[in-house]
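K.L.:
What shape does this take:
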Amino acid sequence: MAHKVTSNLLLGLAGLFGLLTVAQEAAAQYAGSMGNMYNTISFASQSISISQNAYYDTLHRGQKLGSGSASSSNTPSQTSNTGTTYQPAYQPPPPPPRQYPITATDFTSSPNRIVPDQLVNGMPNLTNEQKEALRNAYLQTLTVFETKIRKNNLANSFAFIVATSQQIIDKQPLSGEQIASLVNYYNNVLASTPQIINYSDQQKQVLNESLILTAASMDALNTQGMMQNNAAAQQQARDMAKSYLKKLAGINVE
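P.N.:
Numbering: from 1, shown residues only. From the prediction side, this is the model:
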């Protein structure tokens, strides 16, 4: 049975609190490792931007034409069999954006995780104990996520990072219906993006793990900031959330 992203997953992942403590002891290294994930996600966002614009353009044209409020300037004229030109009062809306099955954004993962080791190996000054704790936190996060949503599916991981970002900004979780809508949206957009669909399974796995771990890191940082009344941590999480909402959803937050 396909799993859906659930809002209670966005309340915080305890395993990442230890991760953040370790990371703060090597802040520069941690920032560099997270930067690699940021670049991976940013590159993917550039690929899907054209598909997103086409998706919204189709929706907006459908809303305008379907509302009956289209003006004569954007309604094509027709000619009757008597030769008289007239403006139709109503034009049917264009077909909705293509709906793809959720399997369109599935991929086959390798037996082993990829990104956790990349992150830990990018911080060479950590002790072996710290590296192991960090790696386990990342692995636990991915495992928890996969018990809640559809495994190895890019639409769900994109929806997760956008929902997490929105929750941080709005200070309240999204509803299950809103998250399901996000999953459907990203499933259709990603399936319409050849650059993403043509990724190798390994590239999709790296992107998937990067999205999940980045979202969970933001959520844990924000939750830790609230629990410790740490305004700087909350602001850092908010800045990250604003960046990903802009990149992945086209939402500008002041």
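K.L.:
Pull the number of nearby residues for residue 104.
P.N.:
17 (other Cβ atoms under 10 Å). The C-beta positions use only the backbone N, C-alpha and C, and glycine is treated the same way.
K.L.:
Helices of this protein, start to end?
P.N.:
Here the chain has its helices, by DSSP state H, at 15-24, 27-66, 115-121, 128-148, 154-170, 176-191, 194-197, 201-227, 231-249.
K.L.:
quick one: low-confidence parts of the stretch 101-250 of the chain?
P.N.:
Applying pLDDT under 70 to the stretch 101-250 of the chain flags no residue at all.
K.L.:
Just put the helices of the chain in a markdown table and tack on distance to residue 97 and mean neighbour count.
P.N.:
Formatted as a markdown table, the helices of the chain follow (distance: least, Cβ to Cβ, whole Å; neighbours: other Cβ atoms under 10 Å):
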| stretch | distance to residue 97 | mean neighbour count |
| --- | --- | --- |
| helix 15-24 | 35 | 18 |
| helix 27-66 | 5 | 15 |
| helix 115-121 | 31 | 19 |
| helix 128-148 | 27 | 17 |
| helix 154-170 | 14 | 25 |
| helix 176-191 | 6 | 19 |
| helix 194-197 | 16 | 15 |
| helix 201-227 | 22 | 22 |
| helix 231-249 | 16 | 18 |
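K.L.:
Quick one, which of those gets closest to residue 100.
P.N.:
helix 176-191 (4.0 Å; Cβ to Cβ).
K.L.:
Report the inter-axis angle for that closest one versus helix 201-227.
P.N.:
150 degrees (axes from the mean of the first three to the mean of the last three Cα atoms, to 10 degrees).
K.L.:
and helix 176-191, C-alpha only, in PDB?
P.N.:
Presented in PDB, the C-alpha positions along helix 176-191 are these (Å, rounded to 0.1, in the frame of the first residue of the first chain):
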ATOM      1  CA  GLY A 176      -2.900  15.800   5.400                       C
ATOM      2  CA  GLU A 177      -5.000  17.100   2.500                       C
ATOM      3  CA  GLN A 178      -2.500  19.900   1.800                       C
ATOM      4  CA  ILE A 179       0.500  17.500   1.800                       C
ATOM      5  CA  ALA A 180      -1.300  15.000  -0.500                       C
ATOM      6  CA  SER A 181      -1.900  17.900  -2.900                       C
ATOM      7  CA  LEU A 182       1.800  18.700  -2.800                       C
ATOM      8  CA  VAL A 183       2.700  15.100  -3.500                       C
ATOM      9  CA  ASN A 184       0.300  15.100  -6.500                       C
ATOM     10  CA  TYR A 185       1.700  18.400  -7.800                       C
ATOM     11  CA  TYR A 186       5.300  17.300  -7.600                       C
ATOM     12  CA  ASN A 187       4.600  13.900  -9.100                       C
ATOM     13  CA  ASN A 188       3.100  15.600 -12.200                       C
ATOM     14  CA  VAL A 189       5.800  18.200 -12.500                       C
ATOM     15  CA  LEU A 190       8.700  15.900 -12.000                       C
ATOM     16  CA  ALA A 191       7.200  13.300 -14.400                       C
END
